[in-house]
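>>> One predicted model, sequence on top.
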Amino acid sequence: MDNSRKVAWYTIVRYLSDVIKGELLNVGVILNTPDDGVVKYKFISENNSKLKSILTSKIEKDTYKFGLNYMEFLMKSIDENDTFFAVNAHSSSFIAQVNNQELPKGFIFTENRFAKSSNIDDLFDTLLKEYVGTKFLKEETGVNSMQVKRKATKLINQRTALSQIIQPNVKLRIVENIPRNYTIDFGYVESNKLSMIHSAPDKLNTSYEWLDRMSFISNNYDYSEKISILYNSEAESNKDETMIQMLQFLNNKDERIEIFDIFSQKGEMDFNNELFRIENQAGNIENIKEFVS
């Protein structure tokens, strides 16, 4: 039974607004499982009532917001394997490596903490409730740890056979002569090509960089039969239909792309039908090895 439990490392992210006052508040959690390189993170926004006592002026609120945006950019870039940040999500020292980056003013990590769990999602949720607080989490509209990806993982895991067909966190070198890898959420082999399943971001401030990445992959990676993109039409990233416009732009340029709103009843049903098709037509997970970097 113990063999099914994954090793996880986590840190509580704290914020210090005023050094003189010295009031530290827990504002988020970062969790990493080195075995599969998964990174989960969530921070509360500047408008959360938990911060009301320390963000008493517009300048203080803007300072926190600026730092929060950078923290989300940093974690998102690391999650997508951006080589600009020299960190390794498969290392037990990952969180220490992140802490060695130039963090925004006021954001402080606790010591690296160890845990083991057979359900990493439940562990992450428990840590958030314990250290940030259930009351304050309810004020947040989005989940920074890739809400779409988490639901996709749940839907895929419901089909036991797919564990031998679909591989999570596939690292690809899109252009052979450029030493930069990109991490795709899920991959599988069909018709001797690597097909992809990838999730769109929940947050608007990371959407434009994500669009640039997906455009680059779409324009330069020819070894893919199909690219399925999953999204949440109710997420912040689709405010004023921004995300759906991005997805339509990608879809119009590349006929391999198919989009699924897996948080709608129809979208979830369509994606489940696609998983059924993959289960019956795709090859064994071992075939992915020749495509990964």
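Sure thing, it's come through.
>>> Alpha carbons of the lengthiest helix in the chain, as PDB, please.
The longest helix of the chain (DSSP state H) is helix 58-79. Output of helix 58-79 as PDB, limited to C-alpha atoms (Å, rounded to 0.1, in the frame of the first residue of the first chain):
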ATOM      1  CA  LYS A  58      -3.400  51.700  -2.900                       C
ATOM      2  CA  ILE A  59       0.400  51.600  -3.100                       C
ATOM      3  CA  GLU A  60       0.600  48.600  -0.700                       C
ATOM      4  CA  LYS A  61      -2.200  46.800  -2.700                       C
ATOM      5  CA  ASP A  62      -0.500  47.500  -6.000                       C
ATOM      6  CA  THR A  63       2.900  46.300  -4.700                       C
ATOM      7  CA  TYR A  64       1.300  43.000  -3.600                       C
ATOM      8  CA  LYS A  65      -0.500  42.700  -7.000                       C
ATOM      9  CA  PHE A  66       2.800  43.300  -8.900                       C
ATOM     10  CA  GLY A  67       4.500  40.600  -6.800                       C
ATOM     11  CA  LEU A  68       1.700  38.200  -7.200                       C
ATOM     12  CA  ASN A  69       1.700  38.600 -11.000                       C
ATOM     13  CA  TYR A  70       5.400  37.900 -11.000                       C
ATOM     14  CA  MET A  71       5.000  34.800  -8.800                       C
ATOM     15  CA  GLU A  72       2.300  33.400 -11.100                       C
ATOM     16  CA  PHE A  73       4.500  34.200 -14.100                       C
ATOM     17  CA  LEU A  74       7.500  32.500 -12.500                       C
ATOM     18  CA  MET A  75       5.500  29.300 -11.500                       C
ATOM     19  CA  LYS A  76       3.700  29.100 -14.800                       C
ATOM     20  CA  SER A  77       7.000  29.400 -16.700                       C
ATOM     21  CA  ILE A  78       8.500  26.700 -14.600                       C
ATOM     22  CA  ASP A  79       5.500  24.400 -15.000                       C
END
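>>> packing partners for that helix?
If you count contacts as 3 or more CB pairs under 8 Å, 6 or more residues apart in numbering; DSSP states H and E, helix 58-79 packs onto strand 6-16, strand 38-43, helix 94-99, helix 207-220. Quick note: C-beta positions are derived from backbone N, CA and C, even for glycine.
>>> One more pass at 7 Å, please.
Applying 3 or more CB pairs under 7 Å, 6 or more residues apart in numbering; DSSP states H and E, we find helix 58-79 packed against strand 38-43.
>>> Now the longest helix of the chain: average pLDDT?
When pLDDT is averaged along helix 58-79, the result is 88.
>>> between that helix and strand 6-16, how many degrees?
Helix 58-79 runs at 160 degrees relative to strand 6-16, counting by axes from the mean of the first three to the mean of the last three CA atoms, to 10 degrees.
>>> now the strands: where do they sit in the stretch 151-293 of the chain?
167-173, 181-190, 193-199, 227-231, 257-261 (DSSP state E, counting those that start in this stretch).
>>> Return the set of buried residues in the longest helix of the chain.
By neighbour count with 16 or more other CB atoms under 10 Å, helix 58-79 contains the buried residues 60-61, 63-64, 67-79.
>>> still on that earlier bit, can I get the strands of the stretch 151-293 of the chain in CSV including mean neighbour count?
What follows is those, written out as CSV (neighbours: other CB atoms under 10 Å):
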stretch, mean neighbour count
strand 167-173, 18
strand 181-190, 21
strand 193-199, 22
strand 227-231, 23
strand 257-261, 21
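>>> would you turn those strands into JSON lines with mean pLDDT?
As requested, these are arranged in JSON lines below (pLDDT from 0 to 100):
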{"stretch": "strand 167-173", "mean pLDDT": "87"}
{"stretch": "strand 181-190", "mean pLDDT": "90"}
{"stretch": "strand 193-199", "mean pLDDT": "94"}
{"stretch": "strand 227-231", "mean pLDDT": "96"}
{"stretch": "strand 257-261", "mean pLDDT": "96"}
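>>> so which of these comes closest to residue 126?
strand 167-173 (22.1 Å; CB to CB).
>>> so what strands line up beside that closest one?
strand 181-190 (antiparallel) (DSSP bridges).
>>> Spell out which residues make up each domain of the chain.
2-137, 147-290 (automatic domain parsing).
>>> Spit out the contact partners of the residue nearest to residue 92 when sequence neighbours are not counted.
The shortest distance from residue 92 to any non-neighbouring residue, by CB to CB, 6 or more residues apart in numbering, is to residue 34 (5.2 Å). Contacts for residue 34 were tallied using CB atoms under 7 Å, 6 or more residues apart in numbering; they are 7, 90-92, 94.
>>> Great, nothing more from me.
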